[in-house]
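Student: Attaching a predicted model along with its sequence, questions to come.
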Amino acid sequence: MSPPEHETIVAAIRAARIAAPPDLRGRVLALAAAPPAPPRRLLPWRRTALVLVPACAALAVAGALAYGLASSGPQRRAAPGAVAPQAELSAPDRAVPKAAGGAGAGVPASTGRAQRYEAELTLRVKDLSAATKRTLRLTRGFHGYVRSVDYGSGADRGSAMLVLRVPVGSVQEALVRFSALGTIVDQHVSIRDVQAQLDRRFRQLQALRDSIAKLRARLEAPTLSAAERRTLESRLVATRRRLVALQQAQARERRLVSFATVSLSLRSSTAAVVAQHEPGRIGRAFHRSGEILLAELRVVVYALVVGAPLLLLAGAAAAAARVRRRRLEARLLGRDG
Amino acid sequence: MRVVSPTPSGDAVPAFSSAVERHLDDVHGYLVYLTRDRSVAEDLTAETFEKALRNWRRFDPRRGAVHTWLLSIARTTALDHFRAEERRRRRESAYALEQPLPDEGLFGGLSAELEQALASLSAGEREVIALRVLLDLDGETAARVLGISLTACSTRLSRALKKLEERMAADVAA
């Protein structure tokens, strides 16, 4: 007898169809005749996501727009750049006008406390050369001095960067005069109180002076041995050195706080200056809506950054479970009969 | 064929009783090949259709034919059964797949040699023969039921048939 061919086996298997026994058919058909179970009200996750994601996005945009519209009422505070330039005074440079409270005057320095006062002012000027010269004159007029000047002028644009040191008592008036040279584009004032630092150093100086006096008194004692004397003298020298260093630091700090630093940027080109305009209500509404949307976007990005590792872990766990299930299936089905 | 109701996707699905009439023999035959045990296959067939009835409303014809869906449920049910049997075997040192073949022929009117050769194959090999040869499913559908690629399905079938031939040849030579 010869072994059966491949096709013969296939034909034999196909010919021998297996019919379900009648009792099984009856059992299963009885199932079909039974009343169906009530449907479960579970929404498919894809459909749910398809609805929820656009709904959340629409809600976020609507919320941002509503906030933008609600908070876009009339402006109560003028932007720094919106300040109208003051007319240049014809009075001599030393004669400072009483415009301390005016626009662009900056924050007044405290008269009773030591403070480091720094101001940055950006101005758009018509004549860069004249404005620069006038700034230098004004600075000298306030008994200040110029720390650095960086001047550059081209065919259609130019700029000058001046770092000025102005006595702190006159800085407010100086800022008023400087701002009158053109239109303020930007200004920034920084004040840092250093009075506590000066006081602390003053107390250290007093303590050092007391130490020196005591050491001197001990050195005058006739009963001192040569070795004790040398020790006390070396301590006296070291204390004096510390006193001198501290006095220098104190003097340096006092010089620093007696003058304010004004960084003045003058620009002559209109192209180099950010156009300052008053946005309308719609513009403000859009601007604020944009800010809210950006904040919402930041939250979403943050959530993604935080959630991404968790999602990756979940994905890895799912993949591992899938591989494990596959292996188990292969083991269950791979056993020979 | 009687149509009951449209699915949420809008496609019409056949009534469950029609699906039973049409596919019961195929599901049962597949499970006989897979389990090599008629009584177990009958229980698993009934269980398969119970599960199918419970989930009938969730069946989406756009994702596959009723036939494929039922065979997939049958496969999952059989695998669950094998897992349970394995646990039981660990406890009792007896396994359903190691039961002797019935005298009347398990696979329905095949020669004794072919019955023996089929019974000696692994469940996975009998499964692919059942799907591709007995039920005459196309490669893509069979691969879908098995959860493997078309190439893997073809390879598995080819190896199973070759093994079947070899075992029959060995029987004849003996």
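Tutor: Good, I have the coordinates.
Student: only C-alpha atoms for contact and neighbour calcs from this point on.
Tutor: Fine.
Student: Show the residue spans covered by the strands in the stretch 151-300 of chain A.
Tutor: Taking DSSP state E, counting those that start in this stretch to define them, one finds strands in the stretch 151-300 of chain A at A:158-167, A:183-193, A:259-267.
Student: and those strands, which one is worst for confidence?
Tutor: With a mean of 85, strand A:183-193 has the lowest mean pLDDT of these.
Student: got the angle for it vs strand A:259-267?
Tutor: In terms of direction (axes from the mean of the first three to the mean of the last three Cα atoms, to 10 degrees), strand A:183-193 departs from strand A:259-267 by 160 degrees.
Student: for strand A:183-193, packing partners?
Tutor: With contacts taken as 3 or more Cα pairs under 8 Å, 6 or more residues apart in numbering or on different chains; DSSP states H and E, strand A:183-193 sits against strand A:115-124.
Student: who are the neighbours of the strand it packs on, in terms of helices and strands?
Tutor: Right, strand A:115-124 is packed against strand A:183-193, helix A:226-258, strand A:259-267 by 3+ Cα pairs under 8 Å, 6+ apart.
Student: May I have the phi/psi pair for the residue of chain B found nearest chain A?
Tutor: Chain B approaches chain A most closely through residue B:122 (3.8 Å), counting by Cα to the nearest Cα. Here is the backbone geometry of residue B:122 (degrees, to the nearest 10): phi -80, psi 160.
Student: so what's it bridging to?
Tutor: Using DSSP bridges, the bridge partners assigned to residue B:122 are residue A:336.
Student: Any idea how many residues pack against residue B:121?
Tutor: By other Cα atoms under 10 Å in any protein chain shown, the residues close to residue B:121 number 21.
Student: Cross-check the contact I'm expecting between it and residue B:164.
Tutor: Yes - using Cα atoms under 8 Å, residue B:121 makes contact with residue B:164 at a distance of 7.3 Å.
Student: So chain B: which segments form each domain?
Tutor: Annotated domains of chain B cover B:1-99, B:102-174 [automatic domain parsing].
Student: For chain A, which residues score under the pLDDT cut-off?
Tutor: Scanning chain A for pLDDT under 70 picks out A:1-4, A:35-44, A:71-111, A:154-156, A:269-279, A:335-337.
Student: all helices of it, in order?
Tutor: In chain A, the helices defined using DSSP state H lie at A:6-15, A:22-33, A:45-70, A:128-141, A:171-179, A:195-219, A:226-258, A:281-334.
Student: Quick one: list the elements packing against the last one.
Tutor: The helices and strands touching helix A:281-334, judged by 3+ Cα pairs under 8 Å, 6+ apart, are helix A:45-70, helix B:66-92, helix B:123-129.
Student: Turn those into JSON lines, including distance to residue B:54 and mean neighbour count.
Tutor: Listed next are the helices and strands packed on helix A:281-334 as JSON lines, based on distance: least, Cα to Cα, whole Å; neighbours: other Cα atoms under 10 Å in any protein chain shown:
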{"stretch": "helix A:45-70", "distance to residue B:54": "19", "mean neighbour count": "14"}
{"stretch": "helix B:66-92", "distance to residue B:54": "12", "mean neighbour count": "17"}
{"stretch": "helix B:123-129", "distance to residue B:54": "25", "mean neighbour count": "26"}
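Student: Export these to a markdown table and append columns for distance to residue A:265.
Tutor: Formatted as a markdown table, the helices and strands packed on helix A:281-334 follow (distance: least, Cα to Cα, whole Å):
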| stretch | distance to residue A:265 |
| --- | --- |
| helix A:45-70 | 34 |
| helix B:66-92 | 77 |
| helix B:123-129 | 83 |
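Student: Thank you kindly, that will do.
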